[in-house]
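Colleague: sequence? don't have it. structure:
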C-alpha cells in the first residue's frame, strides 16, 4: 500500500524468506561460509541453532542458492514427518521415483542414488528446518542417514536448523549418537544496533528505494531498542511504521511513529506487560512466534570500511590515516599487514599541451583537506548515500590524526569499504570498473578529481567544484599519479588482499564466486591449489587484468563489482553523475 508513496518497487519488510534481501553481517557471513565449507568438504552433519525470528529459514534458502551447480539439494520444511515419510520426502525433493513403500525399500533407492552421485563427484545435501519439532524416531532416522558413506567420504550432507530447544533435545541420552556425529555447530544471534541500521537500509535499497532512507537514525535506534535485533520483529515494526507514515503523508519516519507501531503490534496485553516491567525478551519472542512460521530474511554481508596500507596523496594526507590503515580481517584469520609495502610517490610526467582543467578551490574551502571531503561526498552519492552529506555532517566526519577525514571510517558508516590502489594503469581502472578519486599533477600542482566515466579514448573527471571535464587518455596518462581511492561493497567480507590470508573460509568464498561467474567447476577447492589459480587466471583474463593467478586487491575489487554489479556505480555506465 505504501510502496508507491515511498518510491519502492517491492514490499521491503515482508515476512517471507526471500534470499534477495540477504545482507550479511560479519557473523551471518561467517555462518554461511562455514555451512558452505562443511557441505563442500563432506563434514556430514551440521547444526544451525537460532532463536525464534532470527532468520534460520532465510539463511537456509540463501545457502541452497549459493551451493555450486554440482550439489544436489533437498529442503524439508515440515518437521512433523515419520521416519518413513522423511525418507520419501527427501526422494521427492531430489526428483527421484519412490520404488517401494517400506522404509527399507525407500532407503535402498536413496542409497543407490547417493552412491551414483558420489561416483560422479557430486554432493547431495538435505536441509531440515524447524528440526527441534522432530520426533526422536525421525531424528534417529537422520542418524542412520548420516551413516551412509564410503571408505573416503560421506554420501549425504545433513543440515539441521532449529531453535535452542534442538540443542537441548540432542543432549538427551537417547539421542547421544546423533549429537556425537554433528561435525559443525553454528549459532545465529540477533543483530547488533549497527547491523539493525544496515538491515533496515539494505532491505529498502533492494526494494528499490532511490533516495534517502525514510527512517531517521533516532527512529532506527527506537526500532532496535524495541526489537532487540530480532529480524522478524524489525520487519513487523518497520512495515507498520511505514504504513503510519503513508497514512500521515509523511516522508520521514520518526520515533513517535515507531512507538505507535510497536504499541499496535503489542496490543493491550503487551502494553500491560511492558508497564508492569515484564522482561522485554518475552514480548519479542511472542511477537516473533506470532508472525508466522515462514521466517524472515537474515541480514548479512555488510562491508566494513577499510583501506590498503600505502601512499597517501598530498591532498589526502590531512584526511586519511593510510600509513596505519588495514584490510578487514578474514572471517577466521587477520591479514598480515607486515607483508604490505608502503608506496612511494613518483615525480609527475611532463605535461602535454592541453587546456587547463577547472581547478579553482570550492567556495568556502578552508584547508587542503576540503576538496577531499567534497569529492568523497560525491562518491558516496554515487553509491546511493544521500543522507548525512550536508555541510555540517561532512564537517563532523571522523578525523584522522592529521586533522582531515578518516576515509575508512566514513565509508564504514555507509557500509562500504575504502581502498587505495597503487601503480595502476588505465587498463586496471577499466578492469576494476569502479569510480575513483584520482590525483593529477597539473603544472607542478597536485589536484584531486573524481573519475566518473572511462571511455575508449577519454575519461570524465569531476572537480571539487562540480565541473566536469572530458580528458583525453593521453593527457590522463601523462598527468595521473597512478594511484586511486575506490569505494566498494564487500558483501563477502573478503580481506582487501586475500593472497595474504588464504584461510579455508576465504578460499571457499572466492571459489564460490568464481564458480557462480562460470570460471570454476566443482567440487570447489578448500585450499589454494592449481585449480583455484587457473580459475583466477580465467577471471582475470575475462576482466582485463594481468593474469597472475593471485587474488590481490585489483582482482578482489573486480570480483566484488562483478558480484554486486546491480547495486553500485560503474565507470562505464551513463547514469547522471550525482
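Modeller: Yep, that arrived. From a predicted model like this one, the values you see are computed outputs, not experimental measurements.
Colleague: and the closest residue to residue 525 other than its chain neighbours, which helix or strand is it part of?
Modeller: Nearest non-adjacent residue to residue 525, counting by C-beta to C-beta, 6 or more residues apart in numbering: residue 532, 4.9 Å away. In short, each C-beta sits where N, CA and C put it, glycine included. Element membership for residue 532 (DSSP states H and E) is helix 530-543.
Colleague: quick one: buried residues of that helix?
Modeller: 532, 535-540, 543 (16 or more other C-beta atoms under 10 Å).
Colleague: and the residues you listed as CSV, adding distance to residue 195 and pLDDT?
Modeller: CSV is the format used below for the buried residues of helix 530-543 (distance: C-beta to C-beta, whole Å; pLDDT from 0 to 100):
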residue, distance to residue 195, pLDDT
532, 31, 93
535, 32, 94
536, 31, 94
537, 36, 95
538, 35, 95
539, 30, 94
540, 33, 94
543, 31, 90
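Colleague: farthest pair in these?
Modeller: 532 and 543 (16.3 Å; C-beta to C-beta).
Colleague: quick one on the thing from earlier: tell me the contacts of the residue nearest to residue 525?
Modeller: Residues counted as contacts of residue 532 (C-beta atoms under 8 Å, 6 or more residues apart in numbering) are 507, 510-511, 514, 520, 525.
Colleague: and if we set it to 7 Å?
Modeller: Shown in contact with residue 532 (C-beta atoms under 7 Å, 6 or more residues apart in numbering): 507, 511, 525.
Colleague: may I ask you to confirm that the last one belongs to a helix?
Modeller: No. With the criterion set as DSSP: H, G, I helix; E, B strand; the rest coil, the secondary structure at residue 525 is coil rather than a helix.
Colleague: close enough to count as contact, it and residue 511?
Modeller: Yes. Here residue 525 reaches residue 511: they are 5.5 Å apart, a contact under C-beta atoms under 7 Å.
Colleague: thinking again about what came up before, out of the contacts of residue 532, which is nearest to residue 126?
Modeller: residue 511 (22.5 Å).
Colleague: what strand or helix carries the closest one?
Modeller: Assigned by DSSP H and E, residue 511 falls in helix 504-516.
Colleague: which other helices and strands contact that helix?
Modeller: Under the contact criterion of 3 or more C-beta pairs under 7 Å, 6 or more residues apart in numbering; DSSP states H and E, helix 504-516 touches helix 26-40, helix 530-543.
Colleague: would you turn those into TSV with distance to residue 231?
Modeller: Formatted as TSV, the helices and strands packed on helix 504-516 follow (distance: least, C-beta to C-beta, whole Å):
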stretch	distance to residue 231
helix 26-40	10
helix 530-543	33
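Colleague: between these, which gets the lowest average pLDDT?
Modeller: Mean pLDDT across those is lowest at helix 26-40; the value there is a mean of 83.
Colleague: so how far does stretch 438-449 reach from one end to the other?
Modeller: 5 Å (C-alpha to C-alpha, to the nearest Å).
Colleague: what about the helix or strand hosting residue 469, distance to the chain center?
Modeller: Assigned by DSSP H and E, residue 469 belongs to strand 468-472. Between the centre of strand 468-472 and the centre of its chain there are 34 Å (C-alpha atoms, centre = their mean, to the nearest Å).
Colleague: that strand pairs with which strands?
Modeller: strand 458-462 (antiparallel) (DSSP bridges).
Colleague: now do the strands in the protein.
Modeller: Using DSSP state E, the strands of the chain run over residues 23-24, 45-50, 71-76, 123-128, 157-162, 182-188, 299-301, 417-421, 436-442, 445-454, 458-462, 468-472, 480-488.
Colleague: got those as a markdown table, with distance to residue 265 and mean neighbour count columns?
Modeller: Below are those laid out as a markdown table (distance: least, C-beta to C-beta, whole Å; neighbours: other C-beta atoms under 10 Å):
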| stretch | distance to residue 265 | mean neighbour count |
| --- | --- | --- |
| strand 23-24 | 23 | 24 |
| strand 45-50 | 21 | 23 |
| strand 71-76 | 30 | 19 |
| strand 123-128 | 30 | 24 |
| strand 157-162 | 25 | 25 |
| strand 182-188 | 23 | 17 |
| strand 299-301 | 20 | 26 |
| strand 417-421 | 36 | 27 |
| strand 436-442 | 45 | 22 |
| strand 445-454 | 44 | 21 |
| strand 458-462 | 46 | 21 |
| strand 468-472 | 49 | 15 |
| strand 480-488 | 37 | 24 |
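Colleague: weakest of these by average pLDDT?
Modeller: strand 299-301 (a mean of 32).
Colleague: by neighbours, which of the contacts of residue 532 wins?
Modeller: Highest neighbour count within the contacts of residue 532: residue 511, with 25 neighbours (other C-beta atoms under 10 Å).
Colleague: is it true that it touches residue 528?
Modeller: No. Residue 511 is beyond contact range of residue 528, at 10.0 Å (criterion: C-beta under 7 Å).
Colleague: show me the shaky parts of the stretch 51-200 of the chain.
Modeller: Scanning the stretch 51-200 of the chain for pLDDT under 70 picks out no residues.
Colleague: show me where it has its helices.
Modeller: 56-66, 83-93, 103-119, 136-146, 164-170, 176-181, 193-206 (DSSP state H, counting those that start in this stretch).
Colleague: now the ones you listed as TSV including mean neighbour count?
Modeller: As requested, the helices of the stretch 51-200 of the chain are exported to TSV (neighbours: other C-beta atoms under 10 Å):
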stretch	mean neighbour count
helix 56-66	22
helix 83-93	20
helix 103-119	16
helix 136-146	18
helix 164-170	16
helix 176-181	15
helix 193-206	22
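Colleague: nearest to residue 212, out of those?
Modeller: helix 193-206 (9.9 Å).
Colleague: distance from the closest one to the middle of the chain?
Modeller: 11 Å.
Colleague: and it with helix 26-40, angle?
Modeller: 70 degrees (axes from the mean of the first three to the mean of the last three C-alpha atoms, to 10 degrees).
Colleague: now do helix 193-206: which elements does it pack against?
Modeller: Using 3+ C-beta pairs under 7 Å, 6+ apart, helix 193-206 sits against strand 23-24, helix 217-227, helix 231-247, strand 299-301.
Colleague: low-confidence regions, the stretch 251-400 of the chain specifically.
Modeller: 267-369, 386-388.
Colleague: repeat that for 90
Modeller: Where the stretch 251-400 of the chain drops to pLDDT under 90, the residues are 263-374, 376-377, 380-400.
Colleague: look up how far residue 420 lies from residue 554.
Modeller: The gap separating residue 554 from residue 420 is 12 Å, by C-beta to C-beta, to the nearest Å.
Colleague: one more: residue 148?
Modeller: Counting by C-beta to C-beta - residue 148 and residue 420 are separated by 51 Å.
Colleague: ditto for residue 173
Modeller: With C-beta to C-beta as the criterion, residue 173 and residue 420 are 58 Å apart.
Colleague: ok, now residue 480?
Modeller: Taking C-beta to C-beta, one finds residue 480 at 14 Å from residue 420.
Colleague: do residue 145 as well
Modeller: Where residue 420 is concerned, residue 145 sits at a distance of 51 Å (C-beta to C-beta).
Colleague: what's the answer for residue 477, then?
Modeller: 20 Å.
Colleague: what's the neighbour count on residue 121?
Modeller: Residues near residue 121, counting by other C-beta under 10 Å: 11.
Colleague: once you drop chain neighbours, what's closest to it?
Modeller: The shortest distance from residue 121 to any non-neighbouring residue, by C-beta to C-beta, 6+ apart, is to residue 523 (6.0 Å).
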